[in-house]
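**Q** how would this look folded up:
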Amino acid sequence: MKSHVNKFILVILILYLFLLIAWTKQHATTKTIPKNVEATILNISNQNLGLG
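**A** Residues are numbered from 1 along each chain as shown. Okay, here's the model as predicted:
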């Protein structure tokens with residue numbers, strides 16, 4: 001059961017990040033996410049997927 005919960009949370013996190021990144025790209029003037037933070041978050045997500 002635990003792995004199902006983890007994957008569910010991870011999917012929601014990735015969807016949220018995708019929407020957040022898409023929104024910041026639409027509103028480039030109000031962009032608040034630096035590229036290195038974005039890359040770090042994607043790195044963490046990839047590591048979690050690898051462990052899953």
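**Q** ok now the biggest helix by length in the chain, how far from the chain's centre?
**A** Secondary structure of the chain read by DSSP state H shows that its longest helix is helix 2-26. What separates the centre of helix 2-26 from the centre of its chain is 5 Å, taken as C-alpha atoms, centre = their mean, to the nearest Å.
**Q** counting contacts, what elements does that helix pack onto?
**A** Contact partners of helix 2-26 among helices and strands, from 3 or more C-beta pairs under 8 Å, 6 or more residues apart in numbering; DSSP states H and E: helix 35-51. Quick note: C-beta positions are derived from backbone N, CA and C, even for glycine.
**Q** For Phe18, give its distance to Lys2.
**A** The span separating Phe18 from Lys2 equals 25 Å under the rule C-beta to C-beta, to the nearest Å.
**Q** Give me the more crowded residue out of these two.
**A** Set side by side, Phe18 and Lys2 show more neighbours around Phe18, with 10 against 6, by other C-beta atoms under 10 Å.
**Q** for the more buried one, what are its contacts?
**A** With contact taken as C-beta atoms under 8 Å, 6 or more residues apart in numbering, Phe18 is in contact with no other residue.
**Q** in the lowest-mean-pLDDT helix or strand in the chain, what counts as buried?
**A** The weakest-scoring helix or strand in the chain, judged by mean pLDDT, DSSP states H and E, is helix 35-51 (a mean of 72). For helix 35-51, the buried set under the neighbour-count rule, 16 or more other C-beta atoms under 10 Å, comprises Ile41.
**Q** What angle do helix 2-26 and that helix make with each other?
**A** Here helix 35-51 runs at 160 degrees with respect to helix 2-26, directions being taken by axes from the mean of the first three to the mean of the last three C-alpha atoms, to 10 degrees.
**Q** And for helix 35-51, what's in contact with it?
**A** Applying C-beta under 8 Å, 6+ apart, the external contacts of helix 35-51 come out as Asn6, Leu10, Leu13, Ile14, Leu17, Ile21.
**Q** Could you measure from the last one over to Val37?
**A** When distances are taken as C-beta to C-beta, Ile21 and Val37 turn out to be 11 Å apart.
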